[in-house]
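J.: Mind looking at a prediction? Sequence and model below.
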Amino acid sequence: MNRNYELMFIVRPDMVDEDLNKLISTLESSVTSAGGTTKTEVWGKRRLAYRVGRFNDGIFVLMLIDGIGAVVHELERRLRVTEPVIKFLTVRTDEELKRLDKIKKIRDSKKKASAAPAATAVSVTATTEAGTETSAPSPV
Amino acid sequence: MAEETKAPTAHAGSSGGESRPERSGGDRPERSGPRGPRPAGGPGGSREGGRKYFRRKKVCKFCVEKIEAVNYKDVRLLAQFVAESGKITPRRLTGVCMPHQRRLSRAIKQARNIALLPFAGRAQ
């Protein structure tokens, strides 16, 4: 069963782009070989909120992974043995995404529902007004 | 990068912990901000003293603005609910509802782990 994960990791700031790209491609290939899909975003260099080792900033990379848990295990193992990686965090997101989808669906349906009665309500008041106008002169 | 440079200056602008709530309230007066005026959080001794401040009803920022995705990556959102010292601001001060506070605190803790937010003290 495939699940969605977000894997964020930080590499040391003095890492060359070339090496970073190589690292990312090896990680991606290890995911795809296990039958998953990935999307990678490089956030670039950012300040860390606190010192990690002797680093005050680092290059943040975010990988969105769609695959089984074993994929994540393998990735984390690789990150742990890769020396320039100073921190990583994996978060499972599929349940959150499902929840957000559900909320969005509910909101959309509510929007439609509220739009429809509003239109009918307006037309109803219009007709009643018209009715009172027409009926008002007749008794007089 | 832009995010990162802006966040600390926002902190620096509100030098004291006390001035921050007022600032956030002053920014958008139409929706009573996540931090109401300071006395609102205090124990209910306002009536006896006959003090003149108006106790504004606190509302959950996430419910009002319909923010559902509370994510550890959104540092600027999370930073609003972290005190100067790095602590998570209690619900009684911010007015966040319980379901959202749960998500919020989880997101803040995740952000701390990946060095987006400090564990203690202000971000360097």
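T.: Okay, I see it.
J.: Residue B:58 contacts residue B:95, doesn't it?
T.: Yes - using Cβ atoms under 8 Å, residue B:58 is in contact with residue B:95, at 2.8 Å. C-beta here means a position set from N, CA and C on the backbone, and glycine is covered the same way.
J.: Is the longest helix belonging to chain B in proximity to chain A?
T.: Taking DSSP state H as the criterion, chain B has its longest helix at helix B:98-113. Yes - shown here: helix B:98-113 in contact with chain A (Cβ under 8 Å from any Cβ of the partner chain) through B:110, B:112, B:113.
J.: Out of those residues, flag the one nearest to chain A.
T.: Checking the residues of helix B:98-113 next to chain A against chain A with Cβ to the nearest Cβ, the nearest one is residue B:113 at 5.4 Å.
J.: Determine the number of other residues adjacent to the residue lying closest to the closest one once chain neighbours are set aside.
T.: What sits nearest to residue B:113 in space, not counting adjacent residues and going by Cβ to Cβ, 6 or more residues apart in numbering or on different chains, is residue A:89, at 5.4 Å. Residue A:89 is flanked by 19 other residues according to other Cβ atoms under 10 Å in any protein chain shown.
J.: Ok, residue B:65 next?
T.: Using other Cβ under 10 Å, residue B:65 has 12 other residues around it.
J.: just the one 10 residues further on next, same as before
T.: Here the number of neighbours of residue B:75 (other Cβ under 10 Å) works out to 20.
J.: how close does the residue nearest to the spatial centre of chain A sit to residue A:86?
T.: When Cα atoms, centre = their mean is applied to chain A, the residue found nearest the centroid is residue A:97 (7.2 Å). Distance of residue A:97 to residue A:86, computed by Cβ to Cβ, to the nearest Å: 28 Å.
J.: same question, residue A:66
T.: Residue A:66 is 26 Å from residue A:86, by Cβ to Cβ.
J.: And the helices in chain A, which stretches?
T.: For chain A, the helices defined by DSSP H cover A:17-33, A:69-81, A:94-135.
J.: go on, chain B?
T.: If DSSP H is used as the criterion, the helices of chain B fall at B:2-13, B:19-27, B:46-49, B:61-64, B:75-79, B:91-94, B:98-113.
J.: which one of the residues of helix B:98-113 next to chain A sits closest to residue A:23?
T.: Nearest to residue A:23 among the residues of helix B:98-113 next to chain A: residue B:113, at 20.9 Å, using Cβ to Cβ.
J.: So the closest one versus residue A:94, what's the distance?
T.: For residue B:113, the distance to residue A:94 - Cβ to Cβ - is 20 Å.
J.: ok, those two, which is more surrounded?
T.: Using other Cβ under 10 Å as the criterion, residue B:113 and residue A:94 rank with residue B:113 on top: 16 against 13.
J.: Find the nearest non-adjacent residue to residue B:96, please.
T.: Using Cβ to Cβ, 6+ apart, the nearest residue to residue B:96 is residue B:60, at 5.0 Å.
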